[in-house]
Structures are given as C-alpha cells and as structure tokens.
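Asks: Quick one: sequence and predicted model below, then my questions.
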There are 2 protein chains.
Amino acid sequence: MNILIVYAHPEPRSLNGSLKDLAVAHLTARGHAVRVSDLYAMQWKAAADAGDFPARDASARLVYVTASKDAFADGTQSADVAAEQEKLLWADAVIFQFPMWWFSMPAIMKGWIERVFAYGFAYGVGVHGGDRWGDRYGEGTLLGRRAMLSLTIGGRAPHYGDRGVNGALDDLLFPIHHGVLFYPGMDVMPPFATYQVDRMPEEEWHAVAEAFKTRLDGLFTDAPIPYRRQNGGHYDGQQVLRPGFGRGTSGTRLHLRQAGDPEQTPLQRSDGGGPSLRSG
Amino acid sequence: MNILIVYAHPEPRSLNGSLKDLAVAHLTARGHAVRVSDLYAMQWKAAADAGDFPARDASARLVYVTASKDAFADGTQSADVAAEQEKLLWADAVIFQFPMWWFSMPAIMKGWIERVFAYGFAYGVGVHGGDRWGDRYGEGTLLGRRAMLSLTIGGRAPHYGDRGVNGALDDLLFPIHHGVLFYPGMDVMPPFATYQVDRMPEEEWHAVAEAFKTRLDGLFTDAPIPYRRQNGGHYDGQQVLRPGFGRGTSGTRLHLRQAGDPEQTPLQRSDGGGPSLRSG
C-alpha cells in the first residue's frame, strides 16, 4: 500500500524524528511504499494568504474560499499545494507525526491543512443545496483512505484521561479527527499518543517503538473511530443529530455510532482518488 | 482599561478586518487604550523553530521547551516574541479576532501562541513537584486578565449546536478556551461567533456590529466561562477530577463549575503582571 507521512518537528534528533524514521523503515520493510512530507525541512509556508494564488488579480479583495475554488478548478494553485494534493491522492493511508503543542498540531502543520485542503478538493465537494450539504464527514475526495495521528505529549496520561484536568484526549483531538480528517472522507484511526516525552528514559524507547510498530501493522486492519456519516440518515436536513441517536452520551461522543443504531453501509472508494459523488 | 487585539486575516477588506476596526473604534470611544497585533501585516513568523533563540548554540540538539525556558530566563528571546509578551502584560483584556479555519484558529495565530507563550511565561510557572503541577488553569502570569475569541464561521449555527454535525462550538473551542487561554490564568469570556459569513448580506452587518458592541461593553462585567481552577481542590494529585464533581455531565463540560460545588475563591491579580505564586 502507499503511505504518506506528514511530519512536523524542527529537530531531526527528536523523538518525533525517531518515530518518523521508525515508521519509514518499518513500513518499507513490510513492503509498503512510503513518502514523507517533512514540513520543517521543506520550509513549508504556514500562512494562508494571497500568495497561494499566483494567477489571481492581486488588486482584488481576497476571499480565500473563492480564490481557492477558482485556483483548484483552473489548475492555477501554487506548486507546493498541488504537489501535496497529489501525494494525498496517491496515498492509501496518511500518518501525521507531530508534538502536541497547546493541545493541537504545530502551526506549520495547521498551515499545511489550510493550504492543501482546498475548496473543491477537501471541502465544497459534491452537491450543496436543499437538505444536501455536500460530500463530507465520511464522504469526499479522500474516501477510502486511512489517517492516523502519532503525537508526542509532554504531560502525563492521567491529565488527559476522561476526567483529567487537560480534558480527555479524544475531546482535544476531535477538531482534527472529525473536523479535518473525517470531513474529506478519511477513516480515522485511534491516535498513537506517547506521553511524558520530555522525561523519557532511553530504555523506554524500546517499548514505545514496539507499540508503534504494532499500530503500524494494524493500520489497514484495526477498526477506525466509528464516526457517524453525515449523509447516512442520522442527521436531519439542518445537519442536527436526529432524536433517538446518541442516547446516554453528550458532547463529542454524540457523533460516535452506537450499538442499536440503524446500519450505515460503508462507502467504497470509487477509483484512484477523484471526488466521490455517491450519496449516502 | 488596556485592551490588546490579536488579529489574523490576510485581507483588510474582510469581515474580520471590519470587526477589528469596529472594536478599535468602539473601545477607544469608551475610553480604553487599544493596541493591535495584526499578524498578517506584521508578517508574523508562524513556525516555532531554532530561529526563535538567537543566543543558543545552533549546533546543539534543539529541545524547544528547554530553549524557551533558557531564553525567557536569560532575556535572550527573539525581539518579536518579547514585544508580544510585553503587550500581554500591559493588557487587561485580550481579544482574538480571526476566521475559524478547519475548526480552529489560523496557523499564523497558532504560531503566535506557540512562540509567545514561552516556558516561564505561560507554562512552567510556579512550583512543580509532588501534588503540585504549577500555576495553571486559573492561575499564572496572565491572572486577572480577560480573553475573548471573536470568530467568523462560514457554516450555519445549527451545524455547531449541541447536536450539530460539526460538533458543538464550545467543544471545538475547548482546546483554545481552556488549554490556551485559561491555562496561563486568563478569565475566558463566551465567544462572539458570527455565522454564515461568506453569504452575509450587507444589511446584516448592522445587526452583527450592534451585537459585537454589546459584547465589547460587557468585556469586564459579563460572566466568564466558569472553568474549575486546577489548584482549587476539585482535582486530585494526579490532576483527575475528584469523585462527586461533574455529576450528570461528561466530556469537556466536566470542567465547568456546577451549582453545589464547594466554592473556589477567586484569585486576585497581584500587581502589574508578574507571575503569580499564590496557591489555590
């Protein structure tokens, strides 16, 4: 299979660098094809701005969404953005390797999302109108691909537990898991989180590496997070979860399928990666 | 009072630009002193990297936390970072004006947080050891200041309601509200969110502007989000919410104080802004 690793850390000799290197070596040894987008090494442009649209009239007021739509449709996106989109279409799975900073991904990686996830590519896909809000949340251009966050965390695991002071890790990652990765159609794997990384003794590396390899081996077979599909019948025309769904839960957990829910038939990736126009 | 506006939008003629201009004019007319950090105009460096530490041995392995700690303690931070910290210490309130992109703040603003919120300034403050995990979540350098997000959203409000498909807005903003702003001690106001901004008719601007002015007028008198203080007795020595707190809730709402909770005495800002070393 084809696997893209999007990696963000300013120091190659970091734990993040080691995890990235391990993933490349392990996945390659398993027969996968691996490509890496090393955002710091690439000096990835983090800020989304008018410079992303070289063919645009520079004197006109910038409406980023419209400019993104036009550039994607016309094939006039900046070359760095188009190259990353090509990698995503090539990939069967995408691994994001990063340190959690202030409870989210590093700015340079957020800027990769903002610029690469263009209108017509990652949003604004499919029919919009009436009760139909496009192909998103379980449908879209990246349908049939898997995504997994591998993140390092300075704090301790109990601080990120269900009642931990920082908030539960799955709540903190919901904007990324659900809003960034599930949105354009990817199946999202549970995260691989390594805690207390600032104080990790050398001898703990072995255990971390083995655990990571196990997760890499299950990348295409482990169960993804069971988010509800937008167009699978669980949400109404206002995109509000229908009464009767999500009983006994609240918050982000409302958006997880439960035993007893009407079945949502899995969608199939249709081809090499073009936008999916199937309805849910 | 002194108010800092941290503003991120690449187009001055945007709704975000208009909201920023309105805030400056309205707050100034009310007698406040206002400063603006216009991150795009400043060409703010978004990526946290070795360049943030000009006095550091460039050949040594970069551990960002350690480098940040040393540079803050030694007074060798880069000038742009030190200038923003000075603005934060000057401010009685901080308003963040931005478009929500992929369910979070723009990368350039995330990079402002990563670089300005240094070790010793926004984290690593106070005693760490035993059951004490520092002055954070309701204590810290920015104690006594208020913070408010003013964000524009392309989608519709029902999509962000308690059962909306995108997730509830307060869940999506929890990593920022709680993890970024409450963490170093600020009182966090409910957000001012403007929806459907890509299709806003000109005549709706007046209503939005009036609503924003009302929120600006209440900046120092409206009630902040009632997050629990870390060191106020609600969390145990592992920073896990004690049994008996948060009954009937789950997820991010566990961290909101409830009627019937033991009282948490409000802390007072001690002076012009130095780190608070009070215990909870």
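Replies: Here it is on my side, so go on. Residues are numbered from 1 along each chain as shown, chains lettered A, B, ... in the order given.
Asks: Check what pLDDT residue A:251 gets.
Replies: Note on residue A:251: pLDDT of 97.
Asks: And residue A:262, by the same measure?
Replies: Looking at residue A:262, the pLDDT reads 82.
Asks: Any figure for the gap between the closest residue to it other than its chain neighbours and residue B:166?
Replies: Closest residue in space to residue A:262, ignoring its immediate chain neighbours: residue A:233 at 6.4 Å, by C-beta to C-beta, 6 or more residues apart in numbering or on different chains. Any C-beta I mention is one placed from the backbone N, CA and C, and that applies to glycine too. Using C-beta to C-beta, to the nearest Å, we find residue A:233 at a distance of 18 Å from residue B:166.
Asks: what distance separates the lowest-mean-pLDDT helix or strand in chain A from the middle of the whole chain?
Replies: Within chain A, confidence by mean pLDDT, DSSP states H and E is lowest for strand A:128-129 among all helices and strands, at a mean of 86. Once both centres are worked out by C-alpha atoms, centre = their mean, to the nearest Å, strand A:128-129 turns out to sit 24 Å from its chain's centre.
Asks: next helix or strand past that strand?
Replies: Moving toward the C-terminus from strand A:128-129, the next helix or strand (DSSP states H and E) is strand A:132-133.
Asks: What pairs with the next helix-or-strand element following that next one, parallel or antiparallel?
Replies: Using DSSP H and E, the helix or strand that follows strand A:132-133 towards the C-terminus is strand A:146-152. Take DSSP bridges as the rule and strand A:146-152 pairs in its sheet with strand A:93-99 (parallel), strand A:187-188 (parallel), strand A:192-194 (parallel).
Asks: where exactly do the helices run in the stretch 151-280 of chain A?
Replies: A:169-176, A:204-217 (DSSP state H, counting those that start in this stretch).
Asks: and chain B, which of these is closest to it?
Replies: helix A:169-176 (3.9 Å; C-beta to the nearest C-beta).
Asks: Contact residues of the stretch 151-280 of chain A facing chain B?
Replies: Residues of the stretch 151-280 of chain A lying close to chain B (C-beta under 8 Å from any C-beta of the partner chain) are A:154, A:156, A:158-159, A:161-168, A:171-172, A:174-176, A:178-180, A:198, A:230, A:235, A:238-241, A:246, A:249-255.
Asks: one more time with 6 Å
Replies: A:158-159, A:163-165, A:167, A:171-172, A:174-175, A:179-180, A:230, A:235, A:238-241, A:250-252, A:254 (C-beta under 6 Å from any C-beta of the partner chain).
Asks: which residues sit against stretch A:103-122?
Replies: With C-beta atoms under 6 Å, 6 or more residues apart in numbering or on different chains as the test, stretch A:103-122 has contacts from A:8, A:39, A:44, A:46, A:48, A:52, A:65, A:68-69, A:72-73, A:81, A:84-85, A:98, A:141, A:172, A:180, A:184, B:46-47, B:101-102, B:107, B:110-111, B:114, B:175, B:179.
Asks: Let me know the average pLDDT across that stretch.
Replies: Here the average pLDDT along stretch A:103-122 is 98.
Asks: so how far is the first residue of it from its last?
Replies: Using C-alpha to C-alpha, to the nearest Å, the end-to-end distance of stretch A:103-122 comes to 23 Å.
Asks: Name the residues of it that are buried.
Replies: Within stretch A:103-122, the residues scored as buried using 16 or more other C-beta atoms under 10 Å in any protein chain shown are A:103-119, A:121-122.
Asks: Then stretch A:48-56?
Replies: A:48-49, A:52-53, A:56.
Asks: so which of these would you say is closest to residue B:145?
Replies: Of all the buried residues of stretch A:48-56, residue B:145 sits closest to residue A:48, with 28.8 Å by C-beta to C-beta.
Asks: Quick check: which element contains the closest one?
Replies: Using DSSP H and E, no helix or strand contains residue A:48.
Asks: For it, give me its contacts.
Replies: So residue A:48 contacts A:114-115 (C-beta under 6 Å, 6+ apart).
Asks: let's see 8 Å
Replies: Neighbouring residues of residue A:48 by C-beta atoms under 8 Å, 6 or more residues apart in numbering or on different chains: A:64, A:111, A:114-115, B:10, B:101, B:106-107.
Asks: Mind pulling up the pLDDT for the residue of chain A most remote from its centre?
Replies: Note on chain A: the largest C-alpha distance from the chain mean falls to residue A:59, namely 33.9 Å (C-alpha atoms, centre = their mean). For residue A:59, the model assigns a pLDDT of 93.
Asks: Let me know the secondary structure of it.
Replies: In three-state terms, and counting by DSSP: H, G, I helix; E, B strand; the rest coil, residue A:59 is coil.
Asks: Quick check, the residue in the stretch 151-280 of chain A closest to chain B?
Replies: Nearest residue of the stretch 151-280 of chain A to chain B: residue A:251, at 3.1 Å (C-beta to the nearest C-beta).
Asks: From residue B:170, how far off is that residue?
Replies: Taking C-beta to C-beta, one finds residue A:251 at 9 Å from residue B:170.
Asks: Mutual contacts of these two, please.
Replies: Common neighbours of residue A:251 and residue B:170 (C-beta under 8 Å, 6+ apart) are residue B:252.
Asks: Comparing these two, which shows the higher neighbour count?
Replies: Per other C-beta atoms under 10 Å in any protein chain shown, whichever of residue A:251 and residue B:170 has more neighbours is residue A:251, with 23 against 19.
Asks: Return the residues in contact with the residue nearest the centre of chain A.
Replies: A centroid search over chain A (C-alpha atoms, centre = their mean) returns residue A:181, at 3.2 Å, as the residue closest to the centre. Listed by C-beta under 8 Å, 6+ apart, the contact set of residue A:181 reads A:147, A:188.
Asks: Count the residues that sit near the residue lying closest to residue A:216 once chain neighbours are set aside.
Replies: Leaving out its chain neighbours, the residue that sits closest to residue A:216 by C-beta to C-beta, 6+ apart is residue A:26, at 5.5 Å. Neighbour count of residue A:26, defined by other C-beta under 10 Å: 16.
Asks: Next, residue A:26: secondary structure please.
Replies: Secondary structure for residue A:26, judged by three-state DSSP, is helix.
Asks: right, and it touches residue A:215 too?
Replies: No: the pair residue A:26 and residue A:215 fails to qualify as a contact (C-beta atoms under 8 Å) at a distance of 10.3 Å.
Asks: Select only the buried ones of the contacts of stretch A:103-122 in ChimeraX?
Replies: Per 16+ other C-beta under 10 Å, the buried members of these correspond to this ChimeraX selection:
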select /A:8,39,44,46,48,52,65,68,69,72,81,84,85,98,141,172,180,184 /B:46,47,101,102,107,110,111,114,175,179
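Asks: Mind telling me what element residue A:17 is part of?
Replies: Per DSSP H and E: helix A:15-29 holds residue A:17.
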